[in-house]
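Undergrad: build the 3D model from these lines:
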Amino acid sequence: MNQAAGTQCEGSRRRRWLGFAGSLARGAETAFVRFPIASFAILAMTLLGNLAAAGFYVPDTRSFVWLMAALYGGGAASIFAMLLCEGRGLRKLVAHLLTLVVAVIAFVGIYFGGRAESHLPALTAAITLAIPLAPYLGQRDPHRFWAFGLWTTVGVTLAFLSVLLFVLGLSAILEMISFLFETIIGSQAYEHIYTTAFLLVGPLFAIGRIPHDFDEAIELGLDRMEASVRILIDWVAMPLVLATAFILHLYAAKIAVTATLPKNEIGWIVTFAALFVLTLRIAADPFLPDGAWPARIFARLWAYMLVVPLSLAVLAIAIRIDAEGVTLQRYYLALGFAAAILVVLAQLVPRLSGDTRVMAAIPVLLLGLSAFGPWGAASMVADSQVARLVSEFGVRVPGGEAIVIRAENEDADEQREMRSRIRALADADRLDRLRPYLEPDLAERLQAARRGEPENAASVVMSGLGIAVIPQMSVGRGFGAMRRAEIKIEGFDRAALDRTANAIEGDQADFGPAGGMSDGLSLVLDGEQLVARYGGKSVHFPLKAAIDRLPEELFESSTDQNVAPVLDLTDPDGPRLRLFVRRYIEGMDGDADFLTADVFYRSEDWPASVSSDRTPQGPTEADQNP
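TA: From the prediction side, this is the model:
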């Protein structure tokens, strides 16, 4: 009997897997027939993702992300266009041609124009969220849109479950093979499984589950599932949102009575509350007319309960922007408030009132518009922060009209403010807008960093301005140097810009980000020596001896007057370094504690630098659009 039971269990497990595989196959077939362009984009992303998991980035490390984003954007735009065509009954041939045109435009716009013009997360999110709206723009009714959104959400959820099943199933098979046949399966095999699951299995299954019928409406009955959902909406979600609105109105009354300004966190609180209200209004739409009393109150008052909290939030964000300028976080907070306000105002128009399509379309439209143009997130952050940096820290160059940004004094608050503004520009990927207002050599270093090491560009600017954060230490003598000078680099064919080296703590040398770049030449200080590492090779150089030969005036003069000294360091076995030292600090014991320098070296001394050369072959869009 046990054997029979085991056989039956094994048969049941096999049928489940066969059913899962058959469902995936049917979903993939539906996806390829209905959305061929999106399906080929998914295949291309899967191929590129698996190549990246194996260490091969196409076309290179920096462009890989944009290529993947362009394929995703083109695929998502093609799905939107196909649903739009299907919703209007266009012939298949015409629909496929229009879809191809839209996909090509999206791909080209993101890959070739995106790096200089768009904010990628907002753009891809807007295209994705617009997909369920496509068949219902200007036609049909909100109830059918709600049904389509429901089944699309169910399809996406099933796609996520299919990814879990795929990953768990293949991982279990590999573990079984490893155990039974005593073989070692490396971690890269699992990387390929995860990559294939998230880039191929899930997306194909999801688009294969997009409904074909755009005219289906949900008929609410008395089944157990509907009763359970209705209880959740009527007696859990609705009381929560009503309580949230009551608390926010009490807080508004407190502000009115005490005549105080709203706290900074009010922006995030109101954003959450508005998102909660709008999401619940759309999700509960068919349950509201005949719901319990909390649902009926919500259905009548949901727009009114947003007016006072949004007024508080607008006041708070206006105060913050007026004081500190626009950042990405403040921009998207303000964008969320604008979307909520427009949704509330739409309720004043009889034809738009209560239309869930309008409630969903307004935030998606604003999110898409935020990704490009002078009104976009990146451009507005750049305009605001650059203008403030120039007005607060700009200095007119004697004998000309040029203005350069300088840290004229060492006030900690001012330096903190400068760092905050530079980080805001880095977050928006708009540090290139600072180049016209930097000293020529710092502008060139910023351009080189953006071309070769964009993740290090903000540190290059802060170090060049003399406002880089230095770790707390017992400080002895030291110097900083901001004045530019020419450097002879004959004999050196590699440059590592703005490298930072800290002293070893204990017995461990930190060659990670604090000591430079983990995937390039990295530095650390060990007593009187500078230790350089590339790949697995480490070389010790006599730094302290070279520092001691520098003139004493360098340690006594101010940072803006000093010209950065050039040090040539040589190891007895042959490797050489040339340092353009911008900041150096010793501890009280006389050992080197902190160093910032541009480092020039020879590739023949570091064989790993040749095999992992990441130097791009030409200027990027950012360099062509300063």
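Undergrad: tell me where the model's unsure across the chain.
TA: Applying pLDDT under 70 to the chain picks out residues 1-28, 114-118, 220-223, 225, 263-264, 470-475, 484, 505-519, 608-626.
Undergrad: same thing but 50
TA: Residues of the chain meeting the criterion pLDDT under 50: 1-3, 5-7, 10-11, 13, 473, 507-518, 611-612, 614-626.
Undergrad: let's check: the centremost residue of it is which one?
TA: Nearest to the mean C-alpha position of the chain, counting by C-alpha atoms, centre = their mean, stands Pro121 at 6.1 Å.
Undergrad: can you pull out the strands in the stretch 301-450 of the chain?
TA: 394-396, 403-405 (DSSP state E, counting those that start in this stretch).
Undergrad: the first one pairs with which strands, parallel or anti?
TA: Using DSSP bridges, the strands paired with strand 394-396 are strand 403-405 (antiparallel).
Undergrad: can you list contacts of the partner strand?
TA: Leu389, Val390, Phe393, Gly394, Val395, Arg396, Val397, Leu434, Tyr437, Leu438, Glu439, Leu465 (C-beta atoms under 8 Å, 6 or more residues apart in numbering). All C-beta spots, glycine's among them, are computed from the backbone N, C-alpha and C.
Undergrad: for the residues you listed, which one is nearest Arg34?
TA: Lowest distance from Arg34 to these (C-beta to C-beta) belongs to Leu434, with 47.7 Å.
Undergrad: can you tell me which residues contact that closest one?
TA: Leu434 neighbours (C-beta under 8 Å, 6+ apart): Val386, Leu389, Ile405, Ile422, Leu425, Leu446, Val461.
Undergrad: give me the number of residues near the residue nearest to Val469 when sequence neighbours are not counted?
TA: Nearest residue to Val469, sequence neighbours excluded (C-beta to C-beta, 6 or more residues apart in numbering): Arg419, at 7.2 Å. Arg419 has 17 neighbours, counted by other C-beta atoms under 10 Å.
Undergrad: can you check the one 10 residues further on too?
TA: By the criterion of other C-beta under 10 Å, Asp429 has 20 neighbours.
Undergrad: wait, doesn't it sit right on Ala378?
TA: Yes - contact status for Asp429 versus Ala378: in contact at 6.4 Å, counting by C-beta atoms under 8 Å.
Undergrad: residues shared between the contacts of those two?
TA: With C-beta under 8 Å, 6+ apart, Asp429 and Ala378 have common neighbours His119.
Undergrad: right, and His119 touches Ala382 too?
TA: No - His119 is beyond contact range of Ala382, at 11.2 Å (criterion: C-beta under 8 Å).
Undergrad: all strands of the protein, in order?
TA: Taking DSSP state E, the strands of the chain run over residues 394-396, 403-405, 475-480, 494-502, 522-526, 529-534, 537-542, 566-570, 576-587, 592-601.
Undergrad: partners of the last one in the sheet?
TA: Strand 592-601 has the following strand partners under DSSP bridges: strand 494-502 (antiparallel), strand 576-587 (antiparallel).
Undergrad: mind putting these in TSV, mean neighbour count and distance to Ala95 included?
TA: Converted to TSV, the strands paired with strand 592-601 look like this (neighbours: other C-beta atoms under 10 Å; distance: least, C-beta to C-beta, whole Å):
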stretch	mean neighbour count	distance to Ala95
strand 494-502	23	51
strand 576-587	22	60
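Undergrad: adding distance to Leu242 as columns, could you present the ones you listed in TSV?
TA: Rendered in TSV, the data for these read as follows (distance: least, C-beta to C-beta, whole Å):
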stretch	distance to Leu242
strand 494-502	53
strand 576-587	58
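Undergrad: closest one to Met238 among the strands of the chain?
TA: strand 403-405 (53.3 Å).
Undergrad: can you give me the buried ones in that closest one?
TA: Across strand 403-405, burial judged by 16 or more other C-beta atoms under 10 Å covers Val404, Ile405.
Undergrad: pop out the phi and psi values for Cys574.
TA: Check again: residue 574 is Gly, not Cys. Gly574 adopts backbone torsions of phi 130, psi -40, taken as degrees, to the nearest 10.
Undergrad: number of nearby residues for it?
TA: Neighbour tally, Gly574, other C-beta under 10 Å: 10.
Undergrad: then Phe205?
TA: Neighbourhood size, Phe205 [other C-beta under 10 Å]: 25.
Undergrad: residue numbering should commence at 43 henceforth.
TA: In the new numbering, first residue 43, that becomes Phe247.
Undergrad: go ahead and confirm it touches Ser204.
TA: Yes - Phe247 is in contact with Ser204 according to C-beta under 8 Å; the separation is 4.7 Å.
Undergrad: test my guess that Ala527 contacts Ala606.
TA: Yes - assessed by C-beta under 8 Å, Ala527 is found in contact with Ala606 at 6.4 Å.
Undergrad: would you mind telling me which of those two has the busier surroundings?
TA: Ala606 (24 against 11).
Undergrad: outside of stretch 373-385, which residues touch it?
TA: Identification of contacts with stretch 373-385 by C-beta under 8 Å, 6+ apart yields 164, 309-310, 312-313, 316-317, 320, 345, 348, 352, 355-356, 359, 363, 400-401, 404-405, 408-409, 412, 419, 422-423.
Undergrad: what subset of those is buried?
TA: 164, 309, 312-313, 316, 320, 345, 348, 352, 355-356, 359, 363, 400-401, 404-405, 408-409, 412, 419, 422-423.
Undergrad: now intersect the contacts of strand 445-447 with the helices, please.
TA: Leu431, Val432, Phe435, Leu507 (DSSP state H).
Undergrad: skipping adjacent residues, who's closest to the third one in space?
TA: Right, the one you point to is Phe435. Closest to Phe435 by C-beta to C-beta, 6+ apart is Ile447, at 5.0 Å.
Undergrad: check Ala325 too.
TA: Using C-beta to C-beta, 6+ apart, the nearest residue to Ala325 is Ile275, at 7.9 Å.
Undergrad: which non-adjacent residue is nearest Asn176?
TA: Quick fix: residue 176 is Ala, not Asn. Using C-beta to C-beta, 6+ apart, the closest residue to Ala176 is Leu125 (3.8 Å).
Undergrad: just checking, that neighbour touches Ile252?
TA: Yes - using C-beta under 8 Å, Leu125 is in contact with Ile252, at 7.4 Å.
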